[in-house]
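> Structural data only, the sequence is not supplied:
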């Protein structure tokens, strides 16, 4: 199966800039899907009770807590599989990016606790099926020993996150002002803009150096898009909506 058969595009004819244009178009499509979703409506509505918004945000943070360590582990292991013919500076750039991402699960945990979550429960609980799927995707990139998949997947992470967090941050600031539990959103609304530019430049350079691996970048992006973001955010919304029922059953 080729990208032409799978996605309708010929990867053999794509430059780095053409690939980035493809990725950015897909991010716009994914963003539109997010903005039509129930979880977006719950967070971005001016009419939704604030306790509901907080419940949803808290559960999204919990999803991040559950998958982020595996995403980092998989990313670093995949980076280590790049060809040794690759300029070392690119290897250093990719590792430096992951250094800056290393503790973001803990950042999400701090926000989870600030919004009423229990730290011990978060650290001890099993991964949700949605978080497990995200973790499995990153580990399978390592298992396949195709590190070029990593670059496609990480571009979705870095290209979409600042857009989403920026819009959520602006909406919440306008609706209720600042409050505890927005460290993760505030940080990613700005820091990931530089990360996006960093990954864009890496993709241009690596595609020019390894043009036969464009297909892997496309598949990596689409593998990740299949499990993120809406599946994890929908799971968070469903847990948030179950909270009143759980509380009622616990009281009976």
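Yep, it's here. Fair warning: this is a prediction, and the values are worked out from it, not measured in the lab.
> In contact with residue 26, which residues?
Going by Cβ atoms under 8 Å, 6 or more residues apart in numbering, residue 26 touches 156, 221, 225. C-betas here are computed from N, CA, C, even on glycine.
> Tabulate those residues (JSON lines), appending secondary structure.
Below are the contacts of residue 26 laid out as JSON lines (DSSP: H, G, I helix; E, B strand; the rest coil):
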{"residue": "156", "secondary structure": "helix"}
{"residue": "221", "secondary structure": "helix"}
{"residue": "225", "secondary structure": "helix"}
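> Just the closest of these to residue 195, please.
Within the contacts of residue 26, proximity to residue 195 (Cβ to Cβ) peaks at residue 156, which comes in at 12.2 Å.
> OK, contacts around the closest one?
Taking Cβ under 8 Å, 6+ apart as the test, what residue 156 contacts is 23, 26-27, 30, 221, 224-225, 228.
> Which one (most neighbours) among those?
residue 221 (25 neighbours; other Cβ atoms under 10 Å).
> quick one: what helix or strand has the most centrally placed residue in the chain in it?
The centre of the chain sits closest to residue 157, judged by Cα atoms, centre = their mean, with a distance of 4.0 Å. Assigning secondary structure by DSSP states H and E places residue 157 in helix 148-176.
> Give me the neighbour count for residue 231.
17.
> Give me the buried positions along stretch 119-128.
With burial defined by 16 or more other Cβ atoms under 10 Å, the residues of stretch 119-128 counted as buried are 122, 127-128.
> sorry, back to before: tell me the one of the contacts of residue 26 nearest residue 132?
Distances from residue 132 to the contacts of residue 26, taken by Cβ to Cβ, are shortest for residue 225, at 17.2 Å.
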